[in-house]
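Peer 1: build the 3D model from these lines:
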Amino acid sequence: ADAFPYFDTYLKTARHPIFEDYSSIKSDTLLPRVAYWATLSAYNANHPENALKYIDEAIEGADENLRVSLQEYKVRCYEVLKTDSLRMQNLIIGTKLYPSHDYFFLHLMDDYVQQKKFEEGIALCDTMLQKVGNRSIYWYGRSQVHLANNDFDETIRTANEALKCDSLMADGYYNKGIAYLNKAVKFAETACNDVRNPKCQKDRKVLMGLYREAKQPMEMLRKLAPNDKERWGMPLYRIYLNLNMGAEFAEIEQIVNAQ
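Peer 2: All right, here's what the predicted structure looks like:
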């Protein structure tokens, strides 16, 4: 907080009309460095307006590693200032300029899913898969879009692709398990319940198959993220209940009731 006014004075002085014709000012190599220091000091002091004041100059004069951080600072500052359009605009710029820096991709995907911009989300994942390569995070992003769009078969397919890249990806197991569980719930709505009808036994077999498919990924999620009870607790409760797994259901019931 104490440093910023000094850097600000330096930069404002260099811009003063009285120095307009001084070539030494135009060739001053300290200017982009001071712009970076000004940005950093304001950002660390939680003054987003001041952090944005010289950030473009700082980016222009920085090396690539610093540019990535500064672009992230821009997004974070616009988020604090609740300037949503500029925040999203700079997330898009970040994914294009620094595709390997996952911060931009993850936050942009969250925005697309929340705003139900499913086509944009799919297009972004496909672009990243082509540009960066076959990474679990991009397949996971695709599965997240399909899950939000209630396309459960595609959710499962793309979650499987994510798990091929990273077999320990807890989020991939969650999406796969919850998609199978949602398929089961949806199927149950129209399944035959008349035990006298031969179709009833067939439908029940399909329904139990969906719950069994949901069981493995949800149990794997529990193993990988034992403290994340909010995500695996109720799904496993429903799975064990419908599969008539007495001991497992009793245990999970205690966990759910204790939350």
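
Peer 1: check contacts around the spatially most central residue of the chain.
Peer 2: Of all residues in the chain, the one closest to the mean position by C-alpha atoms, centre = their mean is Leu106, 3.3 Å from it. Taking C-beta atoms under 8 Å, 6 or more residues apart in numbering as the contact definition, Leu106 lies against 137, 141. C-betas here are computed from N, CA, C, even on glycine.

Peer 1: distance of it relative to Gln201?
Peer 2: In this structure, Leu106 and Gln201 are 45 Å apart, going by C-beta to C-beta, to the nearest Å.

Peer 1: for the one helix or strand Leu40 maps to, packing partners?
Peer 2: According to DSSP states H and E, Leu40 maps onto helix 30-44. The contact analysis (3 or more C-beta pairs under 8 Å, 6 or more residues apart in numbering; DSSP states H and E) places helix 30-44 against helix 4-15, helix 48-53, helix 55-61, helix 64-80.

Peer 1: after the strand or helix carrying the residue nearest to the centre of the chain, next one along is what?
Peer 2: Here Leu106, judged by DSSP H and E, is contained in helix 102-114. Under the assignment DSSP H and E, the closest C-terminal helix or strand after helix 102-114 is helix 118-131.

Peer 1: that following helix - what's its average pLDDT?
Peer 2: In this model, helix 118-131 has an average pLDDT of 96.

Peer 1: report the angle between the axes of that helix and helix 102-114?
Peer 2: Between the axes of helix 118-131 and helix 102-114, defined by axes from the mean of the first three to the mean of the last three C-alpha atoms, to 10 degrees, the angle is 150 degrees.

Peer 1: before we move on, back to that, in the helix holding Leu40, what's buried?
Peer 2: When burial is assessed from 16 or more other C-beta atoms under 10 Å, helix 30-44 yields the following buried residues: 31-32, 34-43.

Peer 1: same thing with stretch 220-232?
Peer 2: 220-222, 224, 229, 231-232.

Peer 1: pull up the distance across it, start to finish.
Peer 2: Across stretch 220-232, the terminal residues are separated by 9 Å (C-alpha to C-alpha, to the nearest Å).

Peer 1: can you list contacts of it?
Peer 2: Looking at stretch 220-232 with C-beta under 8 Å, 6+ apart, the contacting residues turn out to be 168, 170, 173-174, 177, 218-219, 236, 255-256, 259.

Peer 1: just stretch 241-248 next, same as before
Peer 2: In contact with stretch 241-248 (C-beta under 8 Å, 6+ apart) are residues 184, 207-208, 211-212, 215, 236, 239-240, 249.

Peer 1: quick one on the thing from earlier: I'd like the buried residues of helix 30-44 as JSON lines, with distance to Ala148 appended.
Peer 2: Output for the buried residues of helix 30-44, formatted as JSON lines (distance: C-beta to C-beta, whole Å):
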{"residue": "Leu31", "distance to Ala148": "46"}
{"residue": "Pro32", "distance to Ala148": "42"}
{"residue": "Val34", "distance to Ala148": "45"}
{"residue": "Ala35", "distance to Ala148": "40"}
{"residue": "Tyr36", "distance to Ala148": "38"}
{"residue": "Trp37", "distance to Ala148": "42"}
{"residue": "Ala38", "distance to Ala148": "40"}
{"residue": "Thr39", "distance to Ala148": "35"}
{"residue": "Leu40", "distance to Ala148": "37"}
{"residue": "Ser41", "distance to Ala148": "40"}
{"residue": "Ala42", "distance to Ala148": "36"}
{"residue": "Tyr43", "distance to Ala148": "32"}
